[in-house]
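Colleague: Got a predicted model here, sequence first, then my questions.
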Amino acid sequence: MSKVFFVSSRADSRERNLTKYHRLLKNLDLSQVVDEGDLVAIKTSFGERGNFTYLRPQYIRVVVDEVLRLGGKPFLTDANTLYAGGRWNSRDHMITAIENGFGYEVTGAPIVIAGGLLGFDYRTVPVQGEHFGEAKVVPEALDADAIISVAHFKGHMICGFGGALKNLGMGFGARAGKQMMHSDVHPTVDTAKCDGCARCYKWCPEKAVSMVRPPEAEGHKIALIDDDACIGCGECVVTCFTDAIGISWEGDPAIVQQKMTEYAAAALHDKSEKFAAINFIIDVTPDCDCLGWSDNAIVPNIGIAASRDPVSIDSASLDLVNQARGIAESALETAGAASQDKFGAVHNGIDATAQLVHGEKIELGERAYELISLDKNDPGEA
Ligand code: SF4
Ligand code: SF4
């Protein structure tokens, strides 16, 4: 059973947040992960422009300082997104990261956007999964000597929640890999927003888009997607500048979660001893930081978890959220009882445990965990 260390977000003058955070890192013992001279990828998300609940860069600084103390060479990294937004190419991604506060002067580490300018750079890694025999992973994950996942634990519209597994799996997948993980989902065109520019028509690698003039329309043609020809790669979503193409999440979210977990295993395939994860279970919004807004949290702030096991840390984080009191003034809409499936409640009953079940199945980690509370006032203090 893997250990998951935990400090609550409660604080006062004797037990300051930073004091507790340092205690957490001391117990996590990154000296087992980081050797002198190691290039250490601190995998995080810089948040979308307009989102205000992404991980605070000051939290990253503490991890950076610890890696530097151990003689490692930390860098902050994330790959470009599949969809349009402020992080779909490395240039825009870097600007968004700096605007959101992740500059060197704040975090103490440089940013290396992974996967090349447009996200087409990757190397193929073998993985023993049910969906993939190999995965297309960004070189920055493979070339780093050690990986530390620093994730904001929150909801997600297709995975139920996003924690360490999503941070690693979706986050280290190259653009082509992200497409393969999303292949169960298909885009649809909002005809009212389509201005007929035909970018999606020109860009679609499968020629699944045609430009048609609807009988009732007097003006321009609009895009029409042939579902049978579409592979769900998402290229058209990125291409469209009017936001007319959205992803239909009618595919099985469990399959996407399983694929994402297999990508996490691929990213860590040679780093079982050179990996650690930290989950911040605070500002637990119903949706991901990839959105350009932040809704109210669905539970009160909970705390910070840390582990060497990416499945255990997410398993523990999910349990902590479900055991917490739900906030009525949130997407939950009613005060949720402890043990309520909070993410299922806000995402049409999505089973968010699919990623945990699959992670254990492919031997990436264990669902069972030993939660070790490091709060001074807790009898479980280590
Ligand atoms: S890229 Fe967007 S606006 Fe242009 S044709 Fe396609 S759906 Fe319409
Ligand atoms: S998702 Fe890919 S295959 Fe499908 S219509 Fe868009 S670009 Fe074409």
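Modeller: Good, I have the coordinates. Ligands and ions are numbered 1, 2, ... in the order given.

Colleague: What is the burial count for Asn301?
Modeller: Under the neighbour criterion other Cβ atoms under 10 Å, Asn301 is assigned a count of 15. Glycine gets a C-beta too; all of them are placed from N, C-alpha and C.

Colleague: start the count at 34, not 1, going forward
Modeller: Okay, using 34 as the starting number, the last item reads as Asn334.

Colleague: Go ahead and confirm it touches Asp316.
Modeller: Yes - here Asn334 reaches Asp316: they are 7.0 Å apart, a contact under Cβ atoms under 8 Å.

Colleague: Give me the distance between Gly377 and ligand 2.
Modeller: Gly377 sits 27 Å away from ligand 2 when distances are taken as Cβ to the nearest ligand atom, to the nearest Å.

Colleague: Quickly find the element holding that residue.
Modeller: Counting by DSSP states H and E, the element that carries Gly377 is helix 375-379.

Colleague: if we look at that helix, which residues are touching it?
Modeller: Defining contact as Cβ atoms under 8 Å, 6 or more residues apart in numbering, one finds that helix 375-379 is touched by 188-189, 193-194, 319, 331-332, 351, 354-355, 357, 359, 364-365, 369, 383-385.

Colleague: swap the cut-off to 7 Å and go again
Modeller: Outside of helix 375-379, the residues within contact range by Cβ atoms under 7 Å, 6 or more residues apart in numbering are 188, 193-194, 319, 331-332, 354-355, 359, 364-365, 369, 383-385.

Colleague: So for it, what gets flagged as buried?
Modeller: 375-379 (16 or more other Cβ atoms under 10 Å).

Colleague: Give me every residue in the stretch 84-233 of the chain lying close to ligand 1.
Modeller: Neighbours of ligand 1 within the stretch 84-233 of the chain, by Cβ under 6 Å from any ligand atom: 222, 227-233.

Colleague: Among those residues, which one lies nearest to Lys211?
Modeller: Taking Cβ to Cβ as the measure, Cys233 is the one of those closest to Lys211, at 17.6 Å.

Colleague: quick revisit: distance from the helix holding Gly377 to the middle of the chain?
Modeller: With Cα atoms, centre = their mean, to the nearest Å as the basis, the distance from the averaged C-alpha position of helix 375-379 to the chain average is 18 Å.

Colleague: Just the CA trace of the helix or strand following it, in CSV.
Modeller: The element immediately downstream of helix 375-379 (helix or strand, assigned by DSSP H and E) is helix 387-394. Extracted as CSV, the C-alpha positions of helix 387-394 are listed here (Å, rounded to 0.1, in the frame of the first residue of the first chain):
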residue,chain,number,x,y,z
ALA,A,387,-12.2,4.8,-14.2
GLN,A,388,-8.8,6.3,-14.3
LEU,A,389,-7.9,4.9,-10.9
VAL,A,390,-9.2,1.4,-11.8
HIS,A,391,-7.3,1.4,-15.0
GLY,A,392,-4.1,2.8,-13.4
GLU,A,393,-4.1,-0.1,-11.0
LYS,A,394,-4.9,-2.6,-13.8
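
Colleague: where does the stretch 34-183 of the chain have low pLDDT?
Modeller: Flagging of the stretch 34-183 of the chain using pLDDT under 70 yields the residue ranges 116-117.

Colleague: How many residues are close by the residue of it found nearest ligand 2?
Modeller: When scored by Cβ to the nearest ligand atom, the stretch 34-183 of the chain has Leu115 as its residue closest to ligand 2, at 9.6 Å. Under the neighbour criterion other Cβ under 10 Å, Leu115 is assigned a count of 24.

Colleague: Helix, strand, or coil at the residue nearest to the spatial centre of the chain?
Modeller: For the chain, the residue nearest the mean C-alpha position is Asn200 (3.5 Å; Cα atoms, centre = their mean). Look at Asn200: counting by DSSP: H, G, I helix; E, B strand; the rest coil, its state is helix.

Colleague: Apart from its chain neighbours, what residue comes closest to it?
Modeller: Nearest residue to Asn200, sequence neighbours excluded (Cβ to Cβ, 6 or more residues apart in numbering): Ala184, at 4.1 Å.

Colleague: Just the residues contacting the helix or strand encompassing that neighbour, thanks.
Modeller: With the criterion set as DSSP H and E, the secondary-structure element containing Ala184 is strand 179-185. Under the contact criterion Cβ under 7 Å, 6+ apart, strand 179-185 has outside partners 66-67, 71, 73-78, 87-88, 93, 96, 105, 174, 196-197, 200-201, 301, 304, 307-313, 322, 343.

Colleague: go again using 6 Å as the cut-off
Modeller: For strand 179-185, the surrounding residues in contact (Cβ atoms under 6 Å, 6 or more residues apart in numbering) are 66-67, 71, 73-77, 88, 93, 96, 196-197, 200-201, 304, 307-313, 322.

Colleague: any idea which helix or strand comes after that strand?
Modeller: As assigned by DSSP H and E, the chain's next helix or strand after strand 179-185 is strand 187-189.

Colleague: circling back: could I have the PyMOL command that selects the buried members from the contacts of helix 375-379?
Modeller: This is the PyMOL syntax for the buried subset of these, where burial follows 16+ other Cβ under 10 Å:
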select buried, resi 188+193+194+319+331+332+354+355+359+364+365+369+383+384+385
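
Colleague: Tell me where the stretch 134-283 of the chain has helices.
Modeller: For the stretch 134-283 of the chain, the helices identified by DSSP state H, counting those that start in this stretch occupy 137-140, 172-176, 197-205, 208-214, 232-236, 268-272, in order along the chain.
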